[in-house]
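Chemist: attaching a predicted model along with its sequence, questions to come.
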Amino acid sequence: MPTPEKEAIVAQLKEDLASAGAVYLTEMTGLNVQQMYDLRTSLMEANAKLRVTKNRLFKLAIAGTDAEGLVEFLSGPTAVLFCDDDIVAPARIIADFAKEHETVAIKAAFVEGRVYDREQAQRFATLPSTDQLRGMVVSGFAGPLNSLVGVLNSAIADLVYTLQAVAEKRQAQGA
């Protein structure tokens, strides 16, 4: 018989899952309180929420959802990372943290309706951030437009110089 506390935890997990843009399952063992605090703070700055929960309760929360495929990755100590908007920054934070702490790793991910295994999920950490992608798109559009403006300015300048030379030549002939 489930306790009201556990039912509340499952309900909160379901709510977090429904509002998340991405979910990462992570391994986090051997971290002291300060290290965990530092990691949570970094993740909060990236609009991500880290929840340490029992696998059994998370299985109940994802039952019947598209994220149900994460069940196969729920073994051993697992922390669940819920990401709001930017799905890359939190993965990068975990990957950077894992470089200093060997016991930290991404186990799996659920992004845009698909479940990704460890290898695929870790690739998200290598993607450019959302702002960088926007900048790349803008520069992709702006580059050719800037070239076009340069060509048009050059053509106009050539026309002006030619007209000026013709005017000077006629002026010299008329004098």
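Modeler: That came through, no problem.

Chemist: ok, the most centrally placed residue in the chain to residue 69 distance?
Modeler: Residue closest to the mean C-alpha point of the chain, counted by Cα atoms, centre = their mean, is residue 88 at 2.3 Å. Distance from residue 88 to residue 69, counting by Cβ to Cβ, to the nearest Å: 21 Å. (C-beta placed from N, C-alpha, C; glycine too.)

Chemist: is residue 5 in a helix, a strand, or coil?
Modeler: Here residue 5 is recorded as helix under DSSP: H, G, I helix; E, B strand; the rest coil.

Chemist: how far does stretch 60-79 sit from the chain's center?
Modeler: 21 Å (Cα atoms, centre = their mean, to the nearest Å).

Chemist: give me the average confidence score over it.
Modeler: Here stretch 60-79 scores 88 as its mean pLDDT.

Chemist: what's the answer for stretch 136-153, then?
Modeler: Mean predicted confidence for stretch 136-153 is 74.

Chemist: circling back to that earlier point, do you know how far the residue nearest to the centre of the chain is from residue 46?
Modeler: 9 Å.

Chemist: try residue 13
Modeler: Separation of residue 13 from residue 46 (Cβ to Cβ): 20 Å.

Chemist: for residue 12, same thing?
Modeler: From residue 12 to residue 46 the distance is 20 Å (Cβ to Cβ).

Chemist: more neighbours: the two, which one.
Modeler: Higher neighbour count among residue 12 and residue 46: residue 46, with 19 against 14, using other Cβ atoms under 10 Å.

Chemist: and the pLDDT at that one?
Modeler: At residue 46, pLDDT is 85.

Chemist: is it true that residue 104 touches residue 28?
Modeler: Yes: Residue 104 is within contact range of residue 28, at 5.3 Å (criterion: Cβ atoms under 8 Å).

Chemist: any shared contact partners between the two?
Modeler: Taking Cβ atoms under 8 Å, 6 or more residues apart in numbering as the contact rule, residue 104 and residue 28 both touch residue 39.

Chemist: do I have it right that residue 61 meets residue 10?
Modeler: Yes: counting by Cβ under 8 Å, residue 61 does reach residue 10; the two are 5.0 Å apart.

Chemist: and residue 62, what does it touch?
Modeler: Residues near residue 62 by Cβ under 8 Å, 6+ apart: 13, 17, 68, 70-71.

Chemist: tell me the one of those nearest residue 121?
Modeler: residue 70 (10.4 Å; Cβ to Cβ).
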